[in-house]
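Peer 1: model this:
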Amino acid sequence: MGTTQLESVPEPKYWHLKTVLSEALDSEFAVGEILPNERELAARFGVARATLRQALEQLELEGRLQRRRGVGTTVAPPRMGVDVGTGGQVWPGTADDGWQPVDCDLAQPPAAVAEALETGRDEPVHVVRRSRVTHGQTVAAELLYVPQSSVPELSAIDAPSGAARARAVLRELQRRELESQDRSVELGSARADDAKELDRLPGAPVLVVTTRFVAEGRTAALSVATYRADTCRLTFGATGDVEIHHGPERQAS
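Peer 2: Residues are numbered from 1 along each chain as shown. Sure, this is the predicted structure:
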């Protein structure tokens with residue numbers, strides 16, 4: 001690594017440093033690589049540590065860097081495009097949807113979910129847990145709520161628990177004819193369980209994508225997917241799919 005001294009520039013020094021650091025990330029570091037400590041970086045670029053921190057914070061906001069507990073500051077992977085288009089209606093669990101089944105339980109859903117599913121508040125539903133991984137890092141976690149009436153042929157004998165049970169629920173759900181689906185997106189804060197799975201601090205910003213799947217005029221399933229806000233950006237294509245963007249685009253749309 002060479003040494004780059006910052007001369008007098010018309011823009012704030014931290015902003016110019018951010019540009020220089022961004023170029024260094026592209027040319028000298030790989031995704032997931034840990035950056036040198038603040039003292040080394042400040043010495044390399046000839047700036048105060050306060051200026052360096054401002055530049056690093058800006059790069060983190062732009063999704064170029066991630067601060068990981070117990071690890072340090074690492075180079076972030078390209079942002080995942082979360083497509084909120086209206087087309088491409090398909091049941092969850094198709095071969096190329098990018099989600100990995102993790103577990104499945106029969107549990108009582110939150111009151112708001114029970115209302116959306118039109119089930120009794122005390123009626124247990126299948127809760128399928130899935131995760132989305134890119135560059136070896138979990139960037140999204142999903143809870144898919146499926147009423148027992150949506151998968152009446154499901155057998156507890158064939159797949160009693162775990163990821164196999166999750167796949168069985170998804171297979172049975174796909175036997176039904178999907179009439180429509182609608183999706184909403186909101187900015188939220190990571191709950192303790194989401195934060196742990198996504199390797200974020202509780203309260204970190206997340207994108208919450210809620211998708212309602214309709215069959216025979218009723219809500220047959222409800223998905224609540226939580227995406228890391230620092231690794232995702234919204235897109236508005238017509239396919240309705242979620243795509244991984246590996247190109248140079250890193251700014252939030």
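Peer 1: care to break the protein down by domain?
Peer 2: 13-75, 80-235 (the TED database).
Peer 1: for the spatially most central residue of the chain, helix, strand, or coil?
Peer 2: Nearest to the centroid of the C-alpha atoms of the chain, with distances taken as CA atoms, centre = their mean, sits residue 227, at 2.4 Å. On the three-state scheme (DSSP: H, G, I helix; E, B strand; the rest coil), residue 227 is labelled strand.
Peer 1: what's near enough to touch residue 95?
Peer 2: Counting by CB atoms under 8 Å, 6 or more residues apart in numbering, residue 95 touches no other residue. The C-beta positions use only the backbone N, C-alpha and C, and glycine is treated the same way.
Peer 1: can you confirm it is in a strand?
Peer 2: No: checked against three-state DSSP, residue 95 lies outside a strand; its state is coil.
Peer 1: so what pLDDT did it get?
Peer 2: At residue 95 the predicted local distance difference test score is 76.
Peer 1: for residue 63, same thing?
Peer 2: With respect to pLDDT, residue 63 scores 76.
Peer 1: hmm, it is touching residue 231, no?
Peer 2: Yes: the pair formed by residue 63 and residue 231 meets the contact definition of CB atoms under 8 Å, at 6.3 Å.
Peer 1: compare these two and say which one has the larger neighbour count.
Peer 2: residue 231 (24 against 21; other CB atoms under 10 Å).
Peer 1: gap between the nearest residue to the more buried one once chain neighbours are set aside and residue 129?
Peer 2: The shortest distance from residue 231 to any residue that is not its chain neighbour, by CB to CB, 6 or more residues apart in numbering, is 4.7 Å, and that residue is residue 139. Between residue 139 and residue 129 the computed distance is 15 Å (CB to CB, to the nearest Å).
Peer 1: residue 71 too?
Peer 2: From residue 71 over to residue 129 the distance is 25 Å, taken as CB to CB.
Peer 1: neighbour-wise, which of the two wins?
Peer 2: A direct count of neighbours by other CB under 10 Å for residue 71 and residue 129 places residue 129 higher, at 18 against 11.
Peer 1: which element is that one on?
Peer 2: Following DSSP states H and E, one finds residue 129 within strand 125-134.
Peer 1: and the nearest residue to residue 93 once chain neighbours are set aside, which of the three is it?
Peer 2: If you skip the residues right next to it in sequence, residue 93 has residue 170 as its closest partner in space, 3.1 Å away by CB to CB, 6+ apart. Counting by three-state DSSP, the backbone at residue 170 sits in helix.
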